[in-house]
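Trainee: Build me a structure from this.
(2 chains)
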Amino acid sequence: MTTLDPVRFLAKNLRVDLALIAGMIAPGARVFDIGCGDGTLIDHLFQTKNCDARGIEIDMDEVTRAVAHGLPVMHGDADTDLAYYPDNAFDYVVLSRALQAVERPRAVLQQMLRIGTRAVVSFPNFGHWLVRWQLLSTGRMPMNATWDRPWHETPNIHPCTIRDFFVLCEEEGYVVERWLAADDGGRRAPWRRFSRLANLFGEQGVFLLRRR
Amino acid sequence: MDQPATCADPAHSHVTFDDGIMLECGTTLRHHTVAFRTYGALNADRSNAVLVCHALTGDQYVAENHPITGKPGWWGTVVGPGRPVDTDRFFVICPNVLGGCMGSTGPLSRRELPDGTTIDEPWGTDFPPITIRDMVRAQKRLIEHLGIERLFAVLGGSMGGMQVLQWAAAYPDAVFAALPIATASYHSAQNIAFHEVGRQAIFADPDWLNGQYWRSGRIPARGLAVARMCAHITYLSEEALTRKFGRRLQNAPKDSTEAINLFGEMFEVESYLRHQGSTFVQRFDANSYLTITRAMDYFDLAADCGGDLTTAFKGTRTRFLLASFTSDWLFPTSQSRSVARALNRAGANVSFVEFPTDKGHDAFLLDEPDFHRTLAGFLRGCAAHAGLGVVE
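Mentor: Purely as a prediction, here's the structure:
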């Protein structure tokens, strides 16, 4: 990303967690990808797992790219448009590295688990030690490869940590079926049994949820 | 002014059905003709047929020079060899709508008596009121006649898009992919209002003769031209008019007898609109214009389904591409978006793209590379899902 225009989506070339997400999705499933960008995950799920995968994306250039690539993507906003989908329309609803960028993350999660049986959520972990260290040592908002814009320009208006997310799931009554922490290269971090370590060393969290 | 093409013009390829078609208004036409053009070849399992539905003043000459005007096909940039709707791959069918004036049964056709015999006089304004659903039913007859059970795709813009929505709602199993472009599920009050201005212009022309203008051998050219001029403004945008014409003046043509030239000079935009009006009357029948604008006005797909558009598409397996254009104020993006949302509620597979352009409603007919690339990609994706094979 070279531009610093305010936007509400993340740089999609950073979405290295797609393989981890795909690994949580059963073959042949009906999948809905929120904030699908140019449809990389949708294409991957159709090509490799024969999924009926569709998407919604807020950036019209990305939508055009996806549809011109033959992928079923529509323009829409996660904060407002999920209400137009019927209950249990999908087996999995995916929100990849966009939870921190929506206006009402809790409402979006509720919608995801209304229209889908399961939700797959990934987000950059604000509890990572480097983020903590930058805040502690400089006293200023962290800036690194993931959090790459000044606080007043960032689309990431709701950063959270892996522990925060566990707490939210508990409050909302969601079952965490699987979860993992990974670095930004998509390599799985070995902290699965210890969420506090994952929260310190994982650059992103990937969660598979279902309703209780 | 030239007379428009007469009924059953043998120059238009067509098929006539003699087993009757019951119209939504309750009238039955004992015989009806569908004029149509085809491009490309139907494959062995008849799975590559694409139906193109034309807009209000379009016709079946979608991808070839028009036999009357000599101008290139109205969607030659979209339909043809190597084009987004690739006639090397697809068998493209484009019919003239019921009520039209390019060979299909309409107000220019010979009047039919209740016993089914025809007399040597056109229907004129006694032609029964028709609806988008009637147009689509006539097209369905054509498709069956051609031996096609399922269309790979149905596409069209504006009124063509209304037909696409009607096709997808009425015959979901016969439509694998539907592409309603720059359209809406109902005609808005504002759009009806503009149509009414056009119709009043025709009515006010003394040459209209209460719709029986064939008696005088003249046509209500002035009224129809004004209707066209008014409608044409709605197809453009303020930005496009400014870009193309601004406030530039030009000398009025010296040899013109038109009283309107009293100022001695005219704005370029006036000249442009007059040209649009005068060329239009050479190829279009005024009574057809009345009939078809009325059909558009009547269109309200949700009302036909108890007021809920979602019901019209419940359980559909058709794949949809909705496309709209930023500067289109006749069929604005909000209309396409509400169709998309109704389809979402119905659980349909929907793609929806809005294209940035200053060309207004007309953009769907013009050179819009992103739009064309998207059409091509969507059809390619659908072809892969339909098992038609992927051609890169």
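Trainee: Can you report phi and psi for the closest residue to chain B within chain A?
Mentor: The minimum distance from chain A to chain B, using C-beta to the nearest C-beta, falls at A:Gly70 (2.4 Å). Every residue, glycine included, has its C-beta placed from N, CA and C. Dihedral pair for A:Gly70: phi 90, psi 20, per degrees, to the nearest 10.
Trainee: Now it. Nearest residue, chain neighbours left out?
Mentor: Computed as C-beta to C-beta, 6 or more residues apart in numbering or on different chains, the closest residue to A:Gly70 that is not its neighbour in sequence is B:Gly381, at 2.4 Å.
Trainee: re earlier: neighbours of the residue of chain A closest to chain B, how many?
Mentor: By other C-beta atoms under 10 Å in any protein chain shown, the residues close to A:Gly70 number 23.
Trainee: ok, it - contacts?
Mentor: If you count contacts by C-beta atoms under 8 Å, 6 or more residues apart in numbering or on different chains, A:Gly70 has them with B:Gly377, B:Phe378, B:Arg380, B:Gly381, B:Cys382, B:Ala384.
Trainee: at 7 Å what do you get?
Mentor: B:Gly377, B:Phe378, B:Arg380, B:Gly381, B:Ala384 (C-beta atoms under 7 Å, 6 or more residues apart in numbering or on different chains).
Trainee: just those residues now: which is nearest B:Val175?
Mentor: B:Phe378 (14.1 Å; C-beta to C-beta).
Trainee: so where is chain B shaky, pLDDT-wise?
Mentor: B:1-10, B:254-262, B:389-392 (pLDDT under 70).
Trainee: ugh, wrong one, I meant chain A
Mentor: A:1-16, A:184-193.
Trainee: Write out the residues of it neighbouring chain B.
Mentor: Residues of chain A found near chain B (C-beta under 7 Å from any C-beta of the partner chain) are A:54, A:60, A:63-64, A:67-75, A:84-86, A:89.
Trainee: Just the buried residues out of those residues, in PyMOL syntax.
Mentor: Restricted to buried positions by 16 or more other C-beta atoms under 10 Å in any protein chain shown, the PyMOL selection for the residues of chain A next to chain B reads:
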select buried, chain A and resi 54+63+64+67+68+69+70+71+72+73+74+75+84+85+89
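Trainee: that older thread, what subset of the contacts of A:Gly70 is buried?
Mentor: B:Gly377, B:Phe378, B:Arg380, B:Gly381.
Trainee: what about B:Gln276, which helix or strand?
Mentor: Assigned by DSSP states H and E, B:Gln276 falls within helix B:268-280.
Trainee: helices or strands up against that helix?
Mentor: Other elements packing on helix B:268-280 under the criterion 3 or more C-beta pairs under 7 Å, 6 or more residues apart in numbering or on different chains; DSSP states H and E are helix B:221-235.
Trainee: Now do the helix or strand that the helix it packs on is followed by: everything it contacts.
Mentor: Remark: after helix B:221-235, the chain's next helix or strand is helix B:238-244, criterion DSSP H and E. Around helix B:238-244, the neighbours that count as contacts under C-beta under 7 Å, 6+ apart are B:Val269, B:Ser327, B:Asp358, B:Lys359, B:Gly360.
Trainee: rerun at 10 Å
Mentor: B:233, B:236-237, B:268-269, B:272-273, B:326-327, B:329, B:357-360, B:362-363, B:366 (C-beta atoms under 10 Å, 6 or more residues apart in numbering or on different chains).
Trainee: Okay, buried residues for that helix please.
Mentor: Here helix B:238-244 shows B:Ala240, B:Leu241 as buried, counting by 16+ other C-beta under 10 Å.
Trainee: Mind checking what helix or strand follows that helix in sequence?
Mentor: Following helix B:238-244 in sequence order, the next helix or strand is strand B:249-251 (DSSP H and E).
Trainee: That following strand: partners in the sheet, and parallel or antiparallel?
Mentor: Here strand B:249-251 is paired, per DSSP bridges, with strand B:265-267 (antiparallel).
Trainee: which residue does the stretch 101-250 of chain B bring closest to chain A?
Mentor: Counting by C-beta to the nearest C-beta, the stretch 101-250 of chain B gets nearest to chain A through B:Ala177 (10.5 Å).
Trainee: Just list the residues touching that residue, thanks.
Mentor: Per C-beta under 10 Å, 6+ apart, neighbours of B:Ala177: B:50, B:151-155, B:164, B:168, B:318-321, B:349, B:351, B:378-379, B:381-383, B:385-386.
Trainee: my read: the residue nearest to A:Gly70 touches A:Pro72, true?
Mentor: Yes - with contact defined as C-beta atoms under 10 Å, B:Gly381 counts as touching A:Pro72 (7.4 Å).
Trainee: Overlap in contacts, these two.
Mentor: A:Gly39, A:Phe46, A:Ala66, B:Arg319, B:Leu321, B:Ser351.
Trainee: Now do the last one: how many residues are near it, please.
Mentor: By that I understand B:Ser351. 30.
Trainee: need the contact list for it.
Mentor: A:39, A:54-55, A:63, A:66-68, A:70-75, B:177, B:179, B:319-323, B:340, B:374, B:377-378, B:381-382.
Trainee: Could you do the first one as well?
Mentor: Residues touching A:Gly39, when contacts are defined by C-beta under 10 Å, 6+ apart, comprise A:33, A:45-46, A:53-55, A:57, A:62-63, A:65-73, B:351, B:381.
Trainee: Tell me where chain A has strands.
Mentor: A:30-34, A:52-57, A:73-75, A:90-96, A:116-124, A:174-182, A:204-211 (DSSP state E).
Trainee: for the ones you listed, which one ends up most surrounded?
Mentor: Comparing those by mean neighbour count (mean count of other C-beta atoms under 10 Å in any protein chain shown), strand A:73-75 ranks first with a mean of 27.
Trainee: who's the most centrally placed residue in chain A bridged to?
Mentor: Chain A has A:Ser96 as the residue nearest its centroid, 2.3 Å off, counting by C-alpha atoms, centre = their mean. Taking DSSP bridges as the rule, A:Ser96 bridges to A:Ser122.
Trainee: Touching, it and A:Ala78? I think so.
Mentor: No - in this structure, A:Ser96 is not within contact of A:Ala78 by C-beta under 10 Å, at 11.3 Å.
Trainee: so what sits against both of these two?
Mentor: By C-beta under 10 Å, 6+ apart, the residues touching both A:Ser96 and A:Ala78 are A:Ile34, A:Gly35.
Trainee: Show the contacting residues for residue 91.
Mentor: By default, I'm working from chain A. Contact partners of A:Asp91, counting by C-beta under 10 Å, 6+ apart, are A:Ile25, A:Ala26, A:Gly28, A:Ala29, A:Arg30, A:Val31, A:Phe32, A:Cys51, A:Asp52, A:Gly116, A:Thr117, A:Arg118.
Trainee: Can you look at chain B instead?
Mentor: B:38-43, B:46-51, B:146, B:148, B:151-152.
Trainee: rerun that using 6 Å as the cut-off
Mentor: B:Gly40, B:Ala41, B:Leu42, B:Asn48, B:Ala49 (C-beta atoms under 6 Å, 6 or more residues apart in numbering or on different chains).
Trainee: Might you specify the subset of those residues located within strands?
Mentor: Checking the contacts of B:Phe91 against DSSP E, those in strands are B:Ala49.
Trainee: Thanks again, I'm all set now.
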